[in-house]
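> sequence first, predicted coordinates after that:
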Amino acid sequence: MVLELIGALILLIGVFFSVIGVWGAIRLPDVFTRLHASSKVSSVGIVGLLIASALLLPATAPKAVALGILILFSAPVASQAIARSAYRDGCVIVGLMQNDLDVQYIDFAFNYTIGEAFPAEEVPQIEVTTSSSED
């Protein structure tokens, strides 16, 4: 009886995060914020549903645990790959104040093969300005 109540509570939490994540994926303005909302669905929502199914249906517990571990390891990798691809394609980031990746983003694995000489002229140059405090 107590296990069923805990399972039902975790089921409601999983459904809540799934609904909020889908609503955020529809409502948010750009790829990166939508990706944040959808990653919460995959991590918290689906794992919550799997834990609830393991508690409510004990016969499915080994499969639910295995699937939960698989999701916890693969979801962040998939989200990072999608975000990296979107950034590489030049997707607009809404409300961006400062882009730290713009200066330091060099994708060696994507642009160059092992043993190929790195062209120094393609490296973005950072201008360093010093201000003197002398009046």
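Sure, I can see it. This one's a predicted model, so the numbers in the text were calculated from it and none came from an experiment.
> for the lengthiest helix in the chain, packing partners?
Using DSSP state H, we find that the single longest helix of the chain is helix 61-89. The contact analysis (3 or more CB pairs under 8 Å, 6 or more residues apart in numbering; DSSP states H and E) places helix 61-89 against helix 31-40, helix 46-56. For the C-beta atoms, the positions are set from N, CA and C on the backbone; glycine is no exception.
> for Leu11, which of those helices is the nearest?
For Leu11, the closest of the helices and strands packed on helix 61-89 is helix 46-56, at 3.7 Å, according to CB to CB.
> now the angle from the closest one to helix 31-40?
If you take axes from the mean of the first three to the mean of the last three CA atoms, to 10 degrees, helix 46-56 sits at 10 degrees to helix 31-40.
> gap between Asp89 and Ala25?
Counting by CB to CB, to the nearest Å, the separation of Asp89 from Ala25 is 19 Å.
> the two - which one has more neighbours?
Ala25 (17 against 8; other CB atoms under 10 Å).
> which ones are touching that one?
34, 37-38, 41 (CB atoms under 8 Å, 6 or more residues apart in numbering).
> now flag whichever of those is closest to Lys63.
For those, the minimum distance to Lys63 (CB to CB) is 20.2 Å, reached by Val41.
> next, the closest residue to that closest one other than its chain neighbours: phi, psi?
Sequence neighbours aside, Gly21 is the residue nearest to Val41 in space, at 3.2 Å (criterion: CB to CB, 6 or more residues apart in numbering). As for Gly21, its main-chain torsions (degrees, to the nearest 10) stand at phi -70, psi -40.
> Gly21 contacts Arg34, correct?
No - because the distance of 9.8 Å does not satisfy CB atoms under 8 Å, Gly21 is recorded as not touching Arg34.
> where does this structure have low pLDDT?
96-135 (pLDDT under 70).
> 90 instead?
Filtered on pLDDT under 90, the chain yields the residue ranges 1, 18, 20-45, 72, 74-135.
> pick out the residue nearest the middle of this structure.
Ser79 (3.7 Å; CA atoms, centre = their mean).
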